[in-house]
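Trainee: with the input below, show me the fold.
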Amino acid sequence: MAVTLSLIVPVYNVAPYLAQCLDSLLAQDLDGVEIIVVDDGATDECPAILASYQEAHPGALTVIRQPNAGLSAARNTGLDKASGQYVAFVDSDDWIEPSYYRRLLELAISQDLDMAHGNAIFHFEGRREDQPIYQDALSTEMMHGREVLRKRLAERTFLHMVWMHLYRREFIEMHGMRFIPGRIHEDVLWTTQAFLLARRVAYDPAQGYFYRQRIRRYSQAASDARFATIIDSSIRNALGLAEMADGLGEDAELAGLIRWQLVDGGLSVFHKLRKIADPEIRRQVHRQCRELGLYSTLWRSATLFSQRRRIARNWLQGLFRR
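Mentor: From the prediction side, this is the model:
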């Protein structure tokens, strides 16, 4: 049977949630699915759980084990192995309703799409009521990806959830798309680039993917290190978005919207920086902002006085932390 859909599932230390995720994938109402699980060096019970599922469901899962290299590298490993006409990414602490991928795949095949743009549900584990990620009325007609991106950015509703879409694998390979290893918030550049490149995109508003909002607790030292890594990724994402905006030529409107996006994300760096307790790490991050050109990129991209005031204030604060 030809493989129509490859589901790529990176796994790292999610033992309490993994069985629910795998059960939901095995229950998909769809033929021709391959499930590629990349065990990214998990140190908890995940390898044992995966082994038990392989034994209970022979041939249903392809499990690849690699040394821990992060989510981006694990997704790339899955892409290298995938053989389906379309590809989707699944976070291994989430779960999916049985008809979700059938709907997206039928939409993609019937309209010969590069991307099927889906919807999902924020699941708060009982702390509050679950809610749809998209609650607006985006057209379900086939559109160029740039027009979807333009509308989402103009309405301030664009979210970088790579797992909310189906991608034609030929489209991914034609453009040489891969995730950047070591990057946190790796969806930002990937998803923006995908919409810029995709010529045929359609939206299905049905919510069938449950995105788990976990509460994670870290020691102060671990928290400082994590924020420093997030900030590094945020800086590099802002620089990458600036490059995309610069490459849009005469489409000044879309370029401006992408620059708004990069300023909005770039300014979050300073909010995260204030959460770092270690003064030496804070100094290093301020220095990194200067050396990588974050301040100048934000200043060049900002359109509002309030944004430039925040940029200038944080630049001045950084000068005193050399």
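
Trainee: please count neighbours and contacts with C-alpha atoms only from this point.
Mentor: Will do.

Trainee: what mean pLDDT does stretch 3-20 get?
Mentor: Averaged across stretch 3-20, pLDDT comes to 97.

Trainee: revised request: answer the last question for stretch 145-159.
Mentor: 94.

Trainee: same question for stretch 227-244.
Mentor: Mean predicted confidence for stretch 227-244 is 93.

Trainee: remind me, longest helix of the protein?
Mentor: Using DSSP state H, we find that the single longest helix of the chain is helix 220-246.

Trainee: tell me the buried residues in the next helix or strand after that helix?
Mentor: Going down the chain from helix 220-246, the next helix or strand is helix 252-273, by DSSP states H and E. Using 16 or more other Cα atoms under 10 Å as the burial criterion, the residues of helix 252-273 that qualify are 254-263, 265-267, 269-270, 273.

Trainee: quick check, residue 294 in contact with residue 234.
Mentor: No: Residue 294 is beyond contact range of residue 234, at 9.6 Å (criterion: Cα atoms under 8 Å).

Trainee: please enumerate the shared neighbours of those two.
Mentor: With contacts taken as Cα atoms under 8 Å, 6 or more residues apart in numbering, residue 294 and residue 234 have residue 266 as neighbours in common.

Trainee: sorry, back to before: ok, the buried residues of helix 252-273 vs residue 125, which is closest?
Mentor: Of all these, the one with the least separation from residue 125 (Cα to Cα) is residue 265, at 26.7 Å.

Trainee: run through the residues that contact the closest one.
Mentor: Taking Cα under 8 Å, 6+ apart, we find residue 265 in contact with 234, 238.

Trainee: sorry, back to before: farthest-separated two in the buried residues of helix 252-273?
Mentor: 254 and 273 (29.4 Å).

Trainee: what is the longest helix of the chain packed up against?
Mentor: If contacts are counted by 3 or more Cα pairs under 8 Å, 6 or more residues apart in numbering; DSSP states H and E, helix 220-246 sits against helix 187-197, helix 252-273, helix 279-291, helix 294-301.

Trainee: tell me the angle the longest one makes with helix 279-291.
Mentor: Right, helix 252-273. 160 degrees (axes from the mean of the first three to the mean of the last three Cα atoms, to 10 degrees).

Trainee: run the angle between helix 252-273 and helix 294-301 for me.
Mentor: Following the same axes, to 10 degrees, one obtains 150 degrees for the angle between helix 252-273 and helix 294-301.

Trainee: may I have helix 252-273 as CSV, with CA atoms only?
Mentor: In CSV, the C-alpha atoms belonging to helix 252-273 read as follows (Å, rounded to 0.1, in the frame of the first residue of the first chain):
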residue,chain,number,x,y,z
ALA,A,252,5.8,46.3,1.0
GLU,A,253,2.6,45.5,2.9
LEU,A,254,3.6,41.9,3.6
ALA,A,255,7.2,42.9,4.4
GLY,A,256,5.9,45.4,6.9
LEU,A,257,3.7,42.8,8.5
ILE,A,258,6.6,40.4,8.9
ARG,A,259,8.7,43.2,10.4
TRP,A,260,5.9,43.8,12.9
GLN,A,261,6.0,40.1,13.7
LEU,A,262,9.8,40.1,14.3
VAL,A,263,9.6,43.3,16.5
ASP,A,264,6.9,41.8,18.5
GLY,A,265,8.9,38.6,19.0
GLY,A,266,12.2,40.4,19.4
LEU,A,267,10.9,42.7,22.2
SER,A,268,9.9,39.5,24.2
VAL,A,269,13.7,39.0,24.6
PHE,A,270,13.9,41.8,27.1
HIS,A,271,10.9,40.5,29.1
LYS,A,272,12.6,37.1,29.3
LEU,A,273,16.0,38.7,30.1
